[in-house]
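Visitor: structure, please.
(2 chains, ligands or ions: 2)
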Amino acid sequence: MADQLPDSTDAAHTADRSNKPSLSLHVPEPKYRPGDTADFSHIDIGEAGGMPRPDEASDPAQMTDFAYGLVRVLGEDNQAHGAWNPKLPGDTLRKMLGYMALVRAFDERMFRGQRQGKTSFYMKCTGEEATSVAAGMALASDDMVFPSYRQQGILIARDYPLVDMINQIYSNKADKLKGRQLPIMYSARDYNFFSISGNLATQLPQAVGWAMASAIKNDSRIAATWVGEGSTAEGDFHSACTFATVYNAPVILNVINNQWAISSFSGFAGAERTTFAARALGYGLAGLRVDGNDALAVFAAQQWAANRARSNSGPTLIEYFTYRAEGHSTSDDPSGYRSAQEREEWPLGDPITRLKDHLIAIGEWDEDRQAAMDKECAERVKAATKEAEKNGILGHGLHHPFRTMFEDVFEDLPWHLQEQAAQAIREREIKWPDSHPKDGAGK
Amino acid sequence: MSDSQTRTGPSAAAASSEENPERRLNMIDAINDALDIMLARDSDVIVMGEDVGYFGGVFRATAGLQEKHGKTRVFDTPISECGIIGVAVGMGAYGLRPVPEIQFADYIYPGLDQLVSEAARLRYRSATEFIAPMTVRSPFGGGIFGGQTHSQSPEAMFTHVSGLKTVIPATPYDAKGLLIASIEDNDPVIFFEPKRIYNGPFSGFYDKPVEPWKKHKDSVVPEGYYRIELGKARHVTQGDALTVLAYGTMVHVAEAVCADKGIKADILDLRTLVPLDIEAIEASVEKTGRCLIVHEATRTSGFGAELSALVTERCFYHLEAPVERVTGFDTPYPHSLEWAYFPGPVRIGEAIDKILKD
Ligand SMILES: Cc1ncc(C[n+]2csc(CCOP(=O)(O)OP(=O)(O)O)c2C)c(N)n1
Ligand SMILES: [Mg+2]
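Guide: Ligands and ions are numbered 1, 2, ... in the order given. Prediction:
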């Protein structure tokens, strides 16, 4: 069979290249693997306050520096610096800190719940809380967000009930998504939070489309979307950037560069050559590269982009530079592919610690209040967990009735789904007669 | 179906195997073994995909291969299924034999244009100037609480496309031999791996303890190179009561149900959907006069519809009962109601009763 294969070395007009080196394939390799000492001193993080803040209506061609620099506000001295300082009041800063702490407490407990067998799957956003909480807070509550699976912080910052999140995670009888979706694939229309897909990057063109619709209807609402740096390799990213620039859509494309995509480092999405923010340049989008662990910088950048979009000045692509401090999900063990030391060595620190230290430095907070807040967060999550558990945990019978499996495939129930629903209910009576404890939900 | 093509146990492969005929592997290790052998035998074989390189794949199917064969033979790719399949077409045009992995079958759709419009038609449209000798490996099927994006069985989308072969193994022994034959095939092959049975066969009785492969006769995987021709079904059990056509996970479920009911069924594991072993199907249905088709995929336009049409067209005068199909429901794969969705023993049992009624 090999003789059927075309053999390019037989080409008739091969030039003489005998004095040239042969070609070789470059395959990216991260700097550190398990057991290595991590050292991030090669990463240029610039200075807090070092970047100017351009006018929100700036021409993207005049903004190239912002795609390569790093917008930072919080300095080593825990003070806010420079033109990007959003100058938020103490109350707002405390609220931001509180939401981030709540997200972390929530993640801790849900992760443990999965380990205890209460559900099948969970994903934390540890170390990345600012990129959803602070960014979410910079938008209006009626702006539409199209998140990936790691933006639980937006729901929490929009005061979505924790119990409803946990019901979804447990796939129980109170789950608003009727037990259909994998845990954390939330949907919350009332909170202007789009249904999360398991298929990466699909939300990007969708966000652009929502923004185009808002513009078609002369509305004032904008759309924002989030995607991991690894997922920018998908074609949907290109489609989104192209449509955004062609129609000058009122949209913000947030790329969360947490350095890793499961076991693949950002180099497999092109980070060895350029930044993710620099992708904006080729499309004519405004591009900003921002310290994702600096809640004030995150807020300020999102606010800049929101003002720009809302005033018809154009879309923005923001790269939030951060670090995925834990495993990809409950199915992942990062000790198999990266240095355990990376987290400690990460030059941009932890977003919660940094905001806390800032609040303390400006006299708006202290360690006692922090400890009390952490305790309160843990208790709130615990109470919500207890409440949700009354509605059941995965695999213990308290699910939605079988018939709901067939609903919402279409608006109505065509004959074939009616027949299949009858089949499922008949099977249930055989498999789990009424006395059986496995079935708490009836038909 | 001649005897040399029918296999009821691993002994049929002994001729092409080397020492250690009792080596037992699970399906992941058998796939890894096939890739390892092909990487060593043929320097044109390339293994690539999301997380397959250093880490060895999210299901560990490529574990150790990069270290052994080098970074330009086994490597990670950007998260772009369109790119993965597209570059595989280009590599094939050069003369390589790429074996891309799509992390989950549910994520193959961004690569559809490259598969359907390009890989599948390249031989035809270039009148054989160019071919696309790639094997796209991908875990598929449910039963692991993966929700709707880690559970799908989209095989019929590919069998519908002219120019693609579709292969689905059901045992470690077959996984290795079929994968080697797929890699050696000069046409694009979709190789769907039933992830529910990666680590052990599955009877469909999900509340019973998981059986490891090592207790199953078809986990004996000889060392070294052997191939199982594409297009040949496997007799799982012989019997006169009815014919059962199945593939992947459902082979084991059907076998367990028939054993449970004490029914002597002629169970065929199709192994290759395109090209299909029509001779084996005809011979069996002519013998039994009754036919049950089982797959996990949704029902409407599923591969069962094709099988049902073929059996009806070609064996009509031998049929003593209408052909029955047992399938997944026509809904996305639900998370919490996974076992209500799965075409398990009750659904299969009812269909068997119906077929055998008169
Ligand atoms: C289309 C598609 N391909 C592959 C996957 C499998 N997958 C899930 S998450 C993931 C990594 C994504 O990494 P990144 O975009 O960096 O986001 P992060 O997890 O770091 O937040 C992969 C490959 C998927 N869900 N969808
Ligand atoms: Mg990432």
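Visitor: helix, strand, or coil at the closest residue to residue A:393 other than its chain neighbours?
Guide: Among residues not flanking residue A:393 along the chain, residue A:118 sits closest, at 4.2 Å (C-beta to C-beta, 6 or more residues apart in numbering or on different chains). No exception for glycine: its C-beta is placed from N, CA and C like everyone else's. Three-state assignment for residue A:118 (DSSP: H, G, I helix; E, B strand; the rest coil): coil.
Visitor: contacts only, for residue B:214.
Guide: Residues near residue B:214 by C-beta atoms under 8 Å, 6 or more residues apart in numbering or on different chains: B:24, B:26.
Visitor: surely the residue nearest to residue A:393 and residue A:398 touch.
Guide: No. Proximity of residue A:118 to residue A:398 does not meet the contact threshold set by C-beta atoms under 8 Å, at 11.8 Å.
Visitor: list phi and psi for the spatially most central residue of chain A.
Guide: Central residue of chain A (C-alpha atoms, centre = their mean): residue A:150, 3.7 Å from the mean position. Backbone torsions for residue A:150, taken as degrees, to the nearest 10, come to phi -110, psi 20.
Visitor: got it, and the one 4 residues further on?
Guide: The phi/psi pair for residue A:154 (degrees, to the nearest 10) reads phi -70, psi -40.
Visitor: return the residues in contact with it.
Guide: A:132-133, A:135-136, A:145, A:147, A:193.
Visitor: chain neighbours aside, what residue packs nearest to it?
Guide: Nearest to residue A:154 is residue A:136, by C-beta to C-beta, 6+ apart, at 4.0 Å.
Visitor: got the residues of the stretch 1-150 of chain B near ligand 1?
Guide: Contact residues, the stretch 1-150 of chain B versus ligand 1 (C-beta under 6 Å from any ligand atom): B:50, B:79, B:81, B:103, B:107, B:110.
Visitor: now with 8 Å?
Guide: B:50-51, B:58, B:79, B:81, B:102-104, B:106-107, B:109-110, B:149 (C-beta under 8 Å from any ligand atom).
Visitor: so which of the residues you listed comes closest to chain A?
Guide: residue B:149 (2.9 Å; C-beta to the nearest C-beta).
Visitor: was I right about the closest one contacting residue A:182?
Guide: Yes. Assessed by C-beta under 8 Å, residue B:149 is found in contact with residue A:182 at 6.8 Å.
Visitor: what touches both of those two?
Guide: Joint contacts of residue B:149 and residue A:182 (C-beta under 8 Å, 6+ apart) are residue A:198.
Visitor: which of the two has more neighbours?
Guide: residue A:182 (25 against 19; other C-beta atoms under 10 Å in any protein chain shown).
Visitor: what's near enough to touch residue B:121?
Guide: B:162-163.
Visitor: relative to residue B:113, how far out is it?
Guide: To residue B:113, residue B:121 is 11 Å away according to C-beta to C-beta, to the nearest Å.
Visitor: for residue B:144, same thing?
Guide: 29 Å.
Visitor: following element in sequence after the longest helix anywhere in chain A, please.
Guide: Scanning chain A for the longest helix, with DSSP state H as the assignment, gives helix A:90-115. The helix or strand immediately downstream of helix A:90-115 is helix A:129-138, counting by DSSP states H and E.
Visitor: do you know the pLDDT at the residue of the stretch 1-150 of chain A found nearest ligand 2?
Guide: Ligand 2 sits closest to residue A:150 of the stretch 1-150 of chain A, with a gap of 8.3 Å, by C-beta to the ion. On the pLDDT scale, residue A:150 is placed at 98.
Visitor: and it, what does it touch?
Guide: By C-beta under 8 Å, 6+ apart, the neighbours of residue A:150 are A:123, A:125, A:128, A:132, A:226, A:228, A:256.
Visitor: so can I have JSON lines of those residues showing distance to residue B:161 and pLDDT?
Guide: Output for these, formatted as JSON lines (distance: C-beta to C-beta, whole Å; pLDDT from 0 to 100):
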{"residue": "A:123", "distance to residue B:161": "34", "pLDDT": "98"}
{"residue": "A:125", "distance to residue B:161": "39", "pLDDT": "98"}
{"residue": "A:128", "distance to residue B:161": "40", "pLDDT": "98"}
{"residue": "A:132", "distance to residue B:161": "40", "pLDDT": "98"}
{"residue": "A:226", "distance to residue B:161": "34", "pLDDT": "99"}
{"residue": "A:228", "distance to residue B:161": "31", "pLDDT": "98"}
{"residue": "A:256", "distance to residue B:161": "36", "pLDDT": "98"}
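Visitor: what's around residue A:260, how many residues?
Guide: Neighbours of residue A:260 (other C-beta under 10 Å): 23.
Visitor: against residue A:345, how distant is it?
Guide: 14 Å.
Visitor: also residue B:281?
Guide: For residue B:281 relative to residue A:345 (C-beta to C-beta), the value is 61 Å.
Visitor: who has more neighbours, the two?
Guide: More neighbours surround residue B:281 than the other of residue B:281 and residue A:345, with 23 against 14 (other C-beta under 10 Å).
Visitor: can you give me the pLDDT of that one?
Guide: Confidence score, pLDDT, at residue B:281: 98.
Visitor: equivalent analysis for residue A:5, please.
Guide: pLDDT, residue A:5: 54.
Visitor: same deal with residue A:398?
Guide: The model's pLDDT for residue A:398 equals 81.
Visitor: what's the answer for residue B:15, then?
Guide: Looking at residue B:15, the pLDDT reads 36.
Visitor: now swap in residue A:328 and tell me
Guide: Reported pLDDT for residue A:328: 98.
Visitor: wait, is residue B:177 part of a helix?
Guide: Yes. The assignment for residue B:177 is a helix, going by three-state DSSP.
Visitor: count of neighbours near it?
Guide: Counted with other C-beta under 10 Å, residue B:177 comes out at 25.
Visitor: which residues touch the residue nearest to it when sequence neighbours are not counted?
Guide: Setting aside the residues directly before and after it, residue B:177 is nearest to residue B:228 in space (C-beta to C-beta, 6+ apart), at 3.4 Å. By C-beta under 8 Å, 6+ apart, the contact list for residue B:228 reads B:7, B:174, B:177-178, B:180-181, B:271.
Visitor: for residue B:228, helix, strand, or coil?
Guide: The three-state assignment at residue B:228 reads coil, by three-state DSSP.
Visitor: cool, residue B:136 as well?
Guide: strand.
Visitor: report how many residues lie close to it.
Guide: 27.
Visitor: same check, this time on the one 4 residues further on
Guide: By other C-beta under 10 Å, 27 other residues sit near residue B:140.
Visitor: for it, what are phi and psi?
Guide: Dihedral angles (degrees, to the nearest 10) for residue B:140: phi -140, psi 170.
Visitor: so in terms of bridging, what pairs with it?
Guide: residue B:194 (DSSP bridges).
Visitor: pretty sure it sits against residue B:107.
Guide: No. Contact criterion C-beta under 8 Å: residue B:140 and residue B:107 do not qualify, at 10.6 Å.
Visitor: which parts of the stretch 251-358 of chain B sit against chain A?
Guide: B:299-300, B:329-332, B:334-337, B:340-341, B:344, B:346-347, B:350 (C-beta under 8 Å from any C-beta of the partner chain).
Visitor: what is the neighbour count of the residue nearest to residue A:154?
Guide: Neighbours around residue A:136, by other C-beta under 10 Å: 27.
Visitor: that one and residue A:152 touch, don't they?
Guide: No. Checked against C-beta under 8 Å, the pair residue A:136 and residue A:152 is beyond contact range at 10.4 Å.
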